[in-house]
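**Q** Quick one: sequence and predicted model below, then my questions.
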Amino acid sequence: MNDFKKALIDVAGDLSDSERSVKRALEGKHKRPSKRNFLVVPVFIMAVCLIGFTLWLLPNKVEQQASDMFKNDDLFDYYMAAEQMFTNFDHESAEGKQTTINYAFRDYQTAIAIQAYAKALGLTYTEGQYEKREQQLNALYSDAENPFFEQLKELSGMTFEQYQTHVQPILIENVLYTTQLDEKWRAENPKLQEDFVSVYTKKLANDYLEENFERELLATKEYYNVTSDPNYGVSVPK
């Protein structure tokens, strides 16, 4: 039982005691000064305020969490830069720029989806697992003078500090989450091909995001001017 439910029960108990006291007083079984009956009013008001505040707070808290989850310009800029660095098609024409946006958003959405899906399944990781993966990543990109970061900064305008704060933690977490999800599918279906498992994980994560955050996802696509939805074309095995 959570603290909020306990608090409501405490309030309800006080109300019940007050109501019984009033009833006994009216029946002549237990006489108290009439002014004490007015305690029922403030207790009732407190209960109503507590319930009302909670009903207001919870939806707003969920909405704020969704807003924070979908709002990461640095992460989107990272995937935009990655598209330009690691793909060979024309990024300069109007059509090419739009294609870059669409494919960058696919990866951006998947990054968000892995976060949301893994947490919904209750997956976690240890501090030691995070630090190990962080060391591996830092070994590849050791400092801000690395050519990768030089090109990233040139293409996105992102500083090394912005990358470390808003991008790298999600990249690390998603590797840890994806590893656990991949292992889960292998355990449940040993026939899954090795090359297929990670694609399957991305498919399920994106399906979860689209089913549970449709409104937020549409708003984010509009914000980043996404015009199409490149997908992995993976169907769920039966």
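**A** Received, thanks.
**Q** Show me which positions of stretch 123-133 end up buried.
**A** 123, 125, 133 (16 or more other C-beta atoms under 10 Å). Just so you know, the C-beta spots here come from the backbone N, C-alpha and C atoms, and that holds for glycine as well.
**Q** what does that stretch contact?
**A** 172-173, 175-177, 180-181 (C-beta atoms under 8 Å, 6 or more residues apart in numbering).
**Q** from the buried residues of stretch 123-133, which is closest to V199?
**A** L123 (18.6 Å; C-beta to C-beta).
**Q** Helix, strand, or coil at the closest one?
**A** Assigned by DSSP: H, G, I helix; E, B strand; the rest coil, the conformation of L123 is coil.
**Q** Quick check: phi and psi on it?
**A** Here is the backbone geometry of L123 (degrees, to the nearest 10): phi -70, psi 140.
**Q** distance of it from A81?
**A** Look at L123 and A81: by C-beta to C-beta, to the nearest Å, they are 28 Å apart.
**Q** Okay, helices next: where are they in the protein?
**A** Shown for the chain, the helices assigned by DSSP state H span residues 3-27, 40-70, 73-86, 94-120, 127-140, 147-156, 160-162, 168-188, 194-212, 214-223.
**Q** Where among these is average confidence lowest?
**A** Comparing mean pLDDT across the helices of the chain, the weakest is helix 3-27, with a mean of 39.
**Q** residues touching the nearest residue to F76 once chain neighbours are set aside, list them.
**A** Spatial nearest neighbour of F76, excluding adjacent residues (C-beta to C-beta, 6 or more residues apart in numbering): Y108 at 4.9 Å. Contact analysis of Y108 by C-beta under 8 Å, 6+ apart lists 72, 75-76, 79, 224.
**Q** what's the closest of these to Q151?
**A** Nearest to Q151 among these, counting by C-beta to C-beta, is Y79 at 14.1 Å.
**Q** Tell me if I'm right that that closest one and D107 touch.
**A** Yes - if you go by C-beta atoms under 8 Å, Y79 and D107 touch, sitting 4.5 Å apart.
**Q** more crowded one of those two?
**A** Comparing Y79 with D107 by other C-beta atoms under 10 Å, the one with more neighbours is Y79, at 22 against 18.
**Q** where's that one relative to F105, distance?
**A** The gap separating Y79 from F105 is 8 Å, by C-beta to C-beta.
**Q** again with L204
**A** 19 Å.
**Q** Tell me which of those two has more neighbours.
**A** Higher neighbour count among L204 and F105: F105, with 23 against 18, using other C-beta under 10 Å.
**Q** Disregarding residues adjacent in the polypeptide, which is nearest to the more buried one?
**A** Nearest to F105 is V226, by C-beta to C-beta, 6+ apart, at 4.6 Å.
**Q** who are the neighbours in contact with the one you found?
**A** When contacts are counted by C-beta under 8 Å, 6+ apart, V226 touches 101-102, 105.
**Q** of all these, which comes closest to L155?
**A** Closest approach to L155 among these (C-beta to C-beta): I101, at 13.4 Å.
**Q** So that closest one is in contact with F76, correct?
**A** No - using C-beta under 8 Å, I101 makes no contact with F76, being 9.1 Å away.
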